[in-house]
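**Q** Fold the following.
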Amino acid sequence: MNLPEGKKIYFASDNHLGAPSNEQSFPREQKFVRWLDEVKKDAAAIFLLGDLFDFWFEYKTVVPKGFTRTLGKLAEITDSGIPVYYFVGNHDLWMNGYFEEELNIPVYHKPKEFIFNETTFFIGHGDGLGPGDKGYKRMKKVFTNPLAKWLYRWLHPDLGVKLAQYLSVKNKLISGDEDVTFLGEENEWLVQYCKRKLEDKHRDHFVFGHRHLPMEIKLNDNSRYTNLGDWIIHYTYAVFDGKKMSLEKFEG
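**A** Numbers count the residues shown, from 1 in each chain. Predicted coordinates for the structure are as follows:
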């Protein structure tokens with residue numbers, strides 16, 4: 001994609017709408033919709049890098065209730081001709097066609113490479129990448145197993161969604177019991193993952209979410225890692241103007 005003059009690429013992640021409840025997350029949803037309204041003015045594309053919802057599971061004919069303003073705004077944006085791309089996170093692994101069919105938003109389950117103005121981006125949510133975190137990696141295999149998903153769909157949606165929301169809100173990042181701090185480059189798994197990927201091929205930018213911590217780290221003289229933070233505490237996002245990448249905070 002070559003960006004037209006004055007157009008930009010926007011990146012955001014980790015809204016966790018619905019946590020700790022729909023009512024309590026509603027002001028955050030309103031703020032995110034205001035951000036979408038703002039960036040659509042000069043957006044060439046918008047990338048959402050996962051965990052937009054604290055829980056999302058698609059039954060064949062049912063999706064979780066709520067988030068009407070967000071979904072409606074995304075539909076409005078894509079209808080206007082601005083592409084939106086979605087990368088599933090660890091809280092919304094179970095997307096299965098709704099975004100593509102109803103919102104015209106392509107959904108990616110693995111990191112993917114894009115090129116804007118001859119600048120290479122490697123983009124994904126970030127869960128389960130890099131060394132360590134073996135317990136989650138084992139659990140992710142269970143969560144994404146076709147048989148496990150098929151069995152879960154046999155739960156009535158009222159029960160299935162309520163159960164999953166209860167377990168999801170137990171997440172320490174959402175409850176505030178876990179202090180998200182920078183661990184140092186040698187202990188940040190996504191930093192190590194990016195450095196290993198550079199051994200195989202050059203990329204100018206690596207962009208991930210998942211850590212809930214805004215970070216910009218220089219990997220070498222020509223490559224940078226950006227973590228987008230979240231829309232729970234930080235309200236941060238990244239923007240590429242065709243030449244440079246920056247991490248910003250939305251105050252609206």
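**Q** Contacts made by the one helix or strand residue 215 maps to with the rest, please.
**A** Using DSSP states H and E, residue 215 maps to strand 214-218. Contact with strand 214-218 is made by 182, 185, 188, 191, 224-229, 234, 236, 247, 249, as judged by C-beta atoms under 8 Å, 6 or more residues apart in numbering. No exception for glycine: its C-beta is placed from N, CA and C like everyone else's.
**Q** For PyMOL, write the selection for the buried entries among these.
**A** Typed into PyMOL, the next command selects the buried ones out of the contacts of strand 214-218 (criterion: 16 or more other C-beta atoms under 10 Å):
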select buried, resi 188+191+224+225+226+227+228+229+234+236+247
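**Q** Specify which member of the contacts of strand 214-218 is nearest to residue 23.
**A** Closest approach to residue 23 among those (C-beta to C-beta): residue 234, at 21.7 Å.
**Q** Kindly confirm whether my reading is correct that that closest one touches residue 250.
**A** No. In this structure, residue 234 is not within contact of residue 250 by C-beta atoms under 8 Å, at 9.3 Å.
**Q** Helices of the stretch 101-250 of the chain, residue ranges please.
**A** 134-143, 146-152, 157-169, 172-175, 189-200 (DSSP state H, counting those that start in this stretch).
**Q** re earlier: and the direction of the strand holding residue 215 versus that of helix 189-200, what angle?
**A** Angle, strand 214-218 to helix 189-200, by axes from the mean of the first three to the mean of the last three C-alpha atoms, to 10 degrees: 30 degrees.
**Q** quick one: strands adjacent to strand 214-218?
**A** strand 224-228 (antiparallel) (DSSP bridges).
**Q** ok, and what's touching the partner strand?
**A** Residues contacting strand 224-228 (C-beta under 8 Å, 6+ apart): 11-14, 49, 126, 190-191, 194, 204-211, 213-219, 236-238, 245, 247.
**Q** Drop anything exposed from the residues you listed.
**A** 11-14, 49, 126, 190-191, 194, 204-211, 213-215, 217, 219, 236-238, 245, 247.
**Q** Cross those residues against strands and list the overlap.
**A** Using DSSP state E, the subset of those located in strands is 11-12, 205-208, 214-215, 217, 236-238, 245, 247.
**Q** Stretch 59-76: end-to-end distance?
**A** This stretch, stretch 59-76, spans 24 Å end to end (C-alpha to C-alpha, to the nearest Å).
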